[in-house]
Every structure is written in structure tokens, then in C-alpha cells.
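Visitor: Here is my input, please return the structure:
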Amino acid sequence: MIVIGAMKCGTSAAHAYLDAHPCIAMSSTKELNFFNGPETAPGADPDQWWRTGQWHRGLDWYAAQLAPDASPDVVRGESSPAYTSPTSPEVPARMATVVPDVRLVYLVRDPVERAASQWAHHRRDGAEPRPLEEALLDPGSQYVARSRYCERLRPFLAHFALEQVHVVVAERLAHDRDAEIARLYAHVGVDDRWRDSRHRERVHVGDGRVAPDATVRAAFEELVGDDVDALRELLRDDLREWQR
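Guide: Take a look at the predicted model:
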């Protein structure tokens, strides 16, 4: 089982909720980014390889990250939001070759809120000098691309059946956690009645919440509106949490 994103949509919480189940063993390291990146090592520092992808490490390395000491009947998993990065088109085909029967989990969130959270993340790490409005309304930016959820999913659906993909709406995970965790467990194929104290922990979607003003919100919604409509159609879900 693999959580493939989206960035800033509560993947850390989903990783913890999944790992809480006695029949699931998630990797101890989040963001393995195994299926991303070049065929050869991108640099001399192995501690930095996760940034550009770790495909070059090989399948033995990957298997060693997935709870190799766990019982054979335990579902193993990992979470790497970079798998749905628009700069990593190689991921779905690689994944289909290695784990064709995998169960995928994809988290989504109000597209504007997600983009603003990513902007705040990059401002904190010094990677984004532009003000919020300029960054978010750049149509060629990753803020827009990563918030076009249906577009990010389409390459995976070229290799995997829709039934292999479970989409979690972050707002529902935050406000109806019990039901959403049950659906998550059912998708993975474990007892969906299991509950754990870690389920009471809040969904983490980034520190320093940024609230775009109405003008920025409306303009960003124009950039992703067609994709939101496509996602509604794909999932047969009105995504009412995002309606204003």
C-alpha cells in the first residue's frame, strides 16, 4: 500500500493512522521517494538522495525499508507525496512494474488551501521569495499543478484500476475521522473496526495557516476549476466541502 500524496493534504496523519493498525506496517521513514529520480546516484551525499529520488538504490534497498521483520500477513506500506509531483512522470510506470497490485491512497484538500500551505512551507525553508498572490497565480507553478488533483491522478489510472485508488478528502478526515479511517482500512484490506489512541490526533496539514483573500481565492479557483469538475465526475462526489 502506498500513499502517493497530495502534498500538504494530511499525508503525515494518514501515515500515522495506517501505522496504528496491527495488521499494517508503514515504513519508519516517511517520504522514501523510491520510485522518483534518476537511474544513477545524483550526488555524493546519500542523506540528500531522497530529495531527487532513490530509484537508483534498487529493489533490495526498497524492500528493506518496508518492515522486513513484520509478519508475512501484515500489509506493508509507505507514504511519499512526491510520487504525484508534476516533475516525476516516471513514477506510475515504475510502480506498476514493481507492485502492479498495490493499493494506492491519495489525499486531497481544498485546492486553494493546499496551495497556500505549500507556499508557506517554501517560504519557511527559503525556497520561495515571491509574495503569496504572485506565486499562487503563476499558472506554470507547482502550486497550481499540485492542486490539479485529477490531472495528477490520470497517469496512475493509465496503469492501475480506479478501484486500486482510494481518494481521501482531508476535510472529512479532520471532521469525520472515525468513518474516514474505517474507509481507509477497508480499502487496504484490514479490519476496519480497529481503533487506536492515535486516531484522536489531529490531521496535520502544515503549520502557519495562510488565508488567501477573496480575490486570490477566486483567481486560483479559475485556474483549477476545470480540474475540480473532472475530479467530481471521476469520483462521483460533489466535494461539497469545497463549495463556497
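
Visitor: show me where the chain has helices.
Guide: 11-19, 49-52, 59-65, 91-98, 111-124, 132-136, 142-147, 149-157, 170-175, 177-188, 214-235 (DSSP state H).

Visitor: And the contacts of the fifth one?
Guide: If I follow you right, that is helix 111-124. 6-9, 108, 128, 132, 135-136, 142-144, 146-149, 205-212, 216-217, 220-221, 224, 227-228, 242 (C-beta atoms under 8 Å, 6 or more residues apart in numbering). (C-beta placed from N, C-alpha, C; glycine too.)

Visitor: roughly how far apart are Val3 and Glu151?
Guide: 19 Å (C-beta to C-beta, to the nearest Å).

Visitor: gap between the lowest-mean-pLDDT helix or strand in the chain and the chain center?
Guide: Least confident helix or strand of the chain, by mean pLDDT, DSSP states H and E, is helix 49-52 with a mean of 91. Relative to its parent chain, helix 49-52 has a centroid offset of 17 Å by C-alpha atoms, centre = their mean, to the nearest Å.

Visitor: Okay, buried residues for it please.
Guide: Buried residues in helix 49-52, counted by 16 or more other C-beta atoms under 10 Å: Trp49, Trp50, Thr52.

Visitor: picking that back up, what about Val3 and Glu151, which has more around it?
Guide: Taking neighbours as other C-beta atoms under 10 Å, Val3 and Glu151 compare with Val3 leading, 29 against 18.

Visitor: In contact with that one, which residues?
Guide: 11, 14-15, 18, 77-81, 104-107.

Visitor: hmm, 6 Å instead?
Guide: Taking C-beta atoms under 6 Å, 6 or more residues apart in numbering as the criterion, Val3 is in contact with Thr11, Ala14, Ser79, Val105.

Visitor: any idea which of those residues is the one closest to Pro155?
Guide: Val105 (16.2 Å; C-beta to C-beta).

Visitor: show me what contacts that closest one?
Guide: By C-beta under 6 Å, 6+ apart, the neighbours of Val105 are Val3, His166.

Visitor: If it is in a bridge, with which residues?
Guide: Counting by DSSP bridges, Val105 forms beta bridges with Val3, His166.

Visitor: Okay, it and Val75: tell me how far apart.
Guide: Val105 is 12 Å from Val75, by C-beta to C-beta.

Visitor: Look up how far Gly58 lies from the residue of the chain positioned farthest from its centre.
Guide: The centre of the chain is farthest from one residue, Ala44, which by C-alpha atoms, centre = their mean lies 28.0 Å away. Distance, Ala44 to Gly58, by C-beta to C-beta: 18 Å.

Visitor: cool, Gln65 as well?
Guide: From Gln65 to Gly58 the distance is 12 Å (C-beta to C-beta).

Visitor: Which one's more surrounded, the two?
Guide: When Gln65 and Gly58 are compared on other C-beta under 10 Å, the one with more neighbours turns out to be Gln65, at 16 against 10.

Visitor: Spatially nearest residue to that one, not counting backbone neighbours?
Guide: Spatial nearest neighbour of Gln65, chain neighbours left out: Ser27 (4.9 Å); criterion: C-beta to C-beta, 6 or more residues apart in numbering.

Visitor: Kindly tell me how buried the one you found is, as a neighbour count.
Guide: 21.

Visitor: swap in Arg183?
Guide: 16.

Visitor: Also Leu234?
Guide: 16.

Visitor: residues contacting the residue lying closest to it once chain neighbours are set aside?
Guide: Using C-beta to C-beta, 6+ apart and skipping the chain neighbours, the partner closest in space to Leu234 is Cys150 (5.8 Å). Listed by C-beta under 6 Å, 6+ apart, the contact set of Cys150 reads Asp227, Ala230, Leu231, Leu234.
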